Each structure stands twice: as C-alpha cells, then as structure tokens.
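Student: have a look at this prediction, sequence included:
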Amino acid sequence: MPRPLISTVLAVLAATAATVALAACGDSSDGEARATAPTATATAARSAADPDPAVPTATLTRFDGARAMSLLRYQVSFGQRPAGSTALRKLAPQLARRLPRGRLVPVPGHPGLQNVVGRIPGRRPAIVIGAHYDTEAQPPGFVGANDGAAGTAGVIEVARAMRKLSRPKDARELRFVLFDGEEEPLGQSDADFYEVALRGSKAYARANARSTRAMILLDYVAGIGQRIPREGSSDEGLWRRLRVAARRAGVLDVFPAGTGATLFDDHTPFLNEGIPAIDLIDFTYEHRDTVQDTPDKTSEQALDAVGETVVELLRGLDASGY
C-alpha cells in the first residue's frame, strides 16, 4: 500500500476524514460546482439490489465495469502475489496480452521484477496511465482486491476503451504501465517505504522522464461507497481537469472538492522528475492492508465511475491538445 508522508496513519485518517467532512459541508475551493443528484435515467438504471447506492451511476458507457470486475476477480484467483513471486510471474503475461502492444519489461536493479507495459501510438511526450499489480507480502493470505487488482483492472479496461475510440490525428501517445514492486519487500520496514518500495515506478520514471507529459495513477479505486478527494501531492491543474471529466460522466460526487492525505505512491517518482501526476486513491478504505481486502468488499459501480472518468479525462486532454 502507499505510505503517508506524516508521522502516523491515525493522523492521515483524521486529516482525510476532516477533508471529506469539509467537502460534504459544501466546500468548493477549486471553484467547481458540486455534483447534482443523479438523473432520473441513472436512478432508474439502478437495480433494487444495487450493493453500492452511495456511488452514482455513470451516465457514459465507454468503460466496461463488468469486464473490469471480472479481471479484478481473475487476478485475485492467483492468490497472494508479492513482487518476484511465482504467482505474479504467472499473472504478468496474462495482463500483458490484454494491453495494446503489451510486453514485459524487466525492472533494472531488481532481478525477477518486471513492469507490464502497453501503448497506443501518438505524439510524444506521452501520457502514462498506471497502477501496481503486485500485492503486500504480509499478512499471509492477503489478495489485494482493491489494493492492486482494482487499479490494474481499471488501467486495462481504460486501454481497451481508448483503443476503440476515434482520437485526433495529433493525439498524444498513451502508455499503460502496471508497476511491479510497489510494495516494500518482505522484512523491510515501511518506515523506509520510499527507499525500498515503488521499485517499478521509480525505474520507469527515471528511464522515461523526458518522454512523459503527465501521469495518472489508479490505486484503491473500487471500494464500496468510495470517495476520492485530491491526494495531497497530486498536480492541482490535472486534478481540476479530472473533476471536469467526472462531472461530464455524472459521477462528480465520487471526487469531492478538497484535499486528502499526502502519500508516497507510484505517482511520486514522476512528481520528483517534474512530471504532472495525480493519484486516484480512497485512503479511507477500511480493509486496507488486511486479509479482508477481498472482491466482496469492492463494487463494480465504483470501479466503473473511476474508469468512465479517466476515459473522459483522456478525451478532454486529446481535445485540448494538452
């Protein structure tokens, strides 16, 4: 899991809760209107048995939430998947074949680790859409439904959606990167998280800094009832564009105004290279780092809301020439 940049997780949770509460009380510090109630059409589309009524139904249909959830469950079926494990090495080629021009790229300095990289050709520098696909090595039995599998499924389905859409002739190259080694190695203290973890993203950002325009990270994006405020270090301009996209997708409530915790995560190496980057993460997810992080704690509707938003964000960046 990503790690906070303040002294205790308890303090992060308190800060995040305060931010969400402030947003609920009508804070609109970024100048954007709050989301309105779901449309009658969206409400009617919900099943009476909808397990996630707190998440609005997206009004766009480019991202396939059902396929993404199926892929989430498929990853979990491999069991615990820490970096360098047999399970992860078996999974990696299965993910690569689901990405456009997908391939495995060894992580320099870390034998046995490999990023999964795909791309849709276009103008450079490129936009990177990423997630990590490894899981925590502890506790035993941790399968990372929301912490790893959800973001990975989201990235792959965003790639599938963008591949099908018509884009401007001068659109930027899109790179879809699944990072290995996001979690700290077994036996390493999370107090040294930035030094020992984020291995795949640090290597990728160093090698590709000059050819990367921006980075969008998906992490903890399928929690039931989730709300995702701006992570504290995420680029403010790119986040404003994300909220515009969320409003167009009918799911602005999922991305409330205000700022949450500041985290070390796979977007951090890109920020350190001077690349605008944002982290889509609900750090209040109650099953974080426990064996209860299983598919039944996740929601197709929540994952779909994020996926539709990211697809709409990429379309907006295409249209603006970003």
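Tutor: Everything's here; your move. Numbering: from 1, shown residues only.
Student: any stretches of the stretch 1-150 of the chain with poor pLDDT?
Tutor: Across the stretch 1-150 of the chain, the ranges flagged by pLDDT under 70 are 6-51.
Student: how about the helices in it?
Tutor: Using DSSP state H, counting those that start in this stretch, the helices of the stretch 1-150 of the chain run over 9-24, 40-45, 65-76, 86-96, 150-164.
Student: by how many degrees do the third one and helix 150-164 diverge?
Tutor: In other words, helix 65-76. Put simply, helix 65-76 runs at 140 degrees to helix 150-164, going by axes from the mean of the first three to the mean of the last three CA atoms, to 10 degrees.
Student: starting at the chain centroid, how far to helix 65-76?
Tutor: Taking CA atoms, centre = their mean, to the nearest Å, one finds helix 65-76 lying 14 Å from the centre of the chain it belongs to.
Student: same check, this time on the last one
Tutor: Relative to its chain's centre, helix 150-164 lies at 11 Å (CA atoms, centre = their mean).
Student: between the two ends of stretch 225-233, how far is it?
Tutor: Using CA to CA, to the nearest Å, one end of stretch 225-233 lies 23 Å from the other.
Student: how about residues contacting it?
Tutor: Stretch 225-233 is contacted by residues 5, 16, 19-20, 23, 52, 54-55, 220-221, 236, 239, 253-263, 265, 267-268, 271, 278-285, 299, 302, 306 when judged by CB atoms under 8 Å, 6 or more residues apart in numbering. Just so you know, the C-beta spots here come from the backbone N, C-alpha and C atoms, and that holds for glycine as well.
Student: go through those and flag which are in strands.
Tutor: Using DSSP state E, the subset of the contacts of stretch 225-233 located in strands is L263, I278, D279, L280.
Student: helices or strands up against the longest strand along the chain?
Tutor: What stands out as the longest strand in the chain, according to DSSP E, is strand 123-132. Other helices and strands packing on strand 123-132, by 3 or more CB pairs under 8 Å, 6 or more residues apart in numbering; DSSP states H and E, are helix 150-164, strand 172-179, helix 199-208, strand 212-218, helix 300-320.
Student: can you state the direction angle for the second one and strand 212-218?
Tutor: Just to be clear, that refers to strand 172-179. Using the same axes, to 10 degrees: strand 172-179 against strand 212-218 is 50 degrees.
Student: tell me which strands and helices strand 172-179 is in contact with?
Tutor: Secondary-structure packing of strand 172-179 (3+ CB pairs under 8 Å, 6+ apart): strand 114-120, strand 123-132, helix 150-164, helix 199-208, helix 300-320.
Student: cool, the last one as well?
Tutor: The elements that helix 300-320 packs onto, with contact taken as 3+ CB pairs under 8 Å, 6+ apart, are helix 65-76, strand 123-132, helix 150-164, strand 172-179, strand 212-218, helix 236-248.
Student: ok, which of the ones you listed comes nearest Y204?
Tutor: strand 172-179 (6.0 Å; CB to CB).
Student: what about that closest one, average pLDDT?
Tutor: The average pLDDT for strand 172-179 rounds to 98.
Student: contacts only, for the closest residue to L314 other than its chain neighbours.
Tutor: Nearest residue to L314, sequence neighbours excluded (CB to CB, 6 or more residues apart in numbering): M162, at 6.0 Å. Contact analysis of M162 by CB under 8 Å, 6+ apart lists I120, L174, V311, L314.
Student: of the residues you listed, closest to D289?
Tutor: Using CB to CB, these come closest to D289 at V311, 29.4 Å.
Student: and the closest one, how many neighbours?
Tutor: By the criterion of other CB atoms under 10 Å, V311 has 24 neighbours.
Student: fine, thanks again, bye for now.
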